[in-house]
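need a structure here:
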Amino acid sequence: MPKTQLGARVDEDVAELAKKRAADLGLSVGDYLARLVQEDASGLRARAVDAAARFLAEHQTVFDEAEDGRRTSRGARAA
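Just a heads-up that it's a prediction; the model follows:
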């Protein structure tokens, strides 16, 4: 595998495919790769936010009970 400008080793077939896709989009290979990274990061962020929302929705009763417990037992403390 040849060494690329970025220092990563990439199969020639993969490099050629990236060059063709970048040309199809009117981008340099670097700009194309940057776009892929941004899209991937955006996707990861969206999945993380969705997972957090699901977690909060599934456990909302636990949070509500904890808040209610704090309000009703001001002097109670765990030993």
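
Report all helices and strands that the strand or helix carrying residue 23 contacts.
Taking DSSP states H and E as the criterion, residue 23 maps to helix 12-25. Here helix 12-25 touches helix 29-58, going by 3 or more C-beta pairs under 8 Å, 6 or more residues apart in numbering; DSSP states H and E. To be clear about C-beta, it is placed using only N, CA and C from the backbone, and glycine gets the same treatment.

how big is the angle separating the helix holding residue 23 from helix 29-58?
Orientation check (axes from the mean of the first three to the mean of the last three C-alpha atoms, to 10 degrees): helix 12-25 against helix 29-58 gives 90 degrees.

pLDDT averaged over stretch 47-64 - what is it?
The average pLDDT within stretch 47-64 is 91.

Name the spans of the protein whose pLDDT lies under the cut-off.
For the chain, applying pLDDT under 70 flags the ranges 1-8, 70-79.

Let me know the distance separating the most centrally placed residue in it from residue 10.
By C-alpha atoms, centre = their mean, the chain has its centre lying nearest to residue 44, at 1.8 Å. Distance of residue 44 to residue 10, computed by C-beta to C-beta, to the nearest Å: 22 Å.

Also residue 41?
In terms of C-beta to C-beta, residue 41 sits 20 Å off from residue 10.

So for these two, which residue has more residues nearby?
residue 10 (15 against 10; other C-beta atoms under 10 Å).

Got phi/psi on that one?
Backbone geometry at residue 10, expressed as degrees, to the nearest 10, gives phi -130, psi 140.

what about residue 46, distance to residue 23?
Distance from residue 46 to residue 23, counting by C-beta to C-beta: 29 Å.

Now do the nearest residue to residue 22 once chain neighbours are set aside against residue 61, distance only.
Computed as C-beta to C-beta, 6 or more residues apart in numbering, the closest residue to residue 22 that is not its neighbour in sequence is residue 32, at 3.6 Å. To residue 61, residue 32 is 47 Å away according to C-beta to C-beta.
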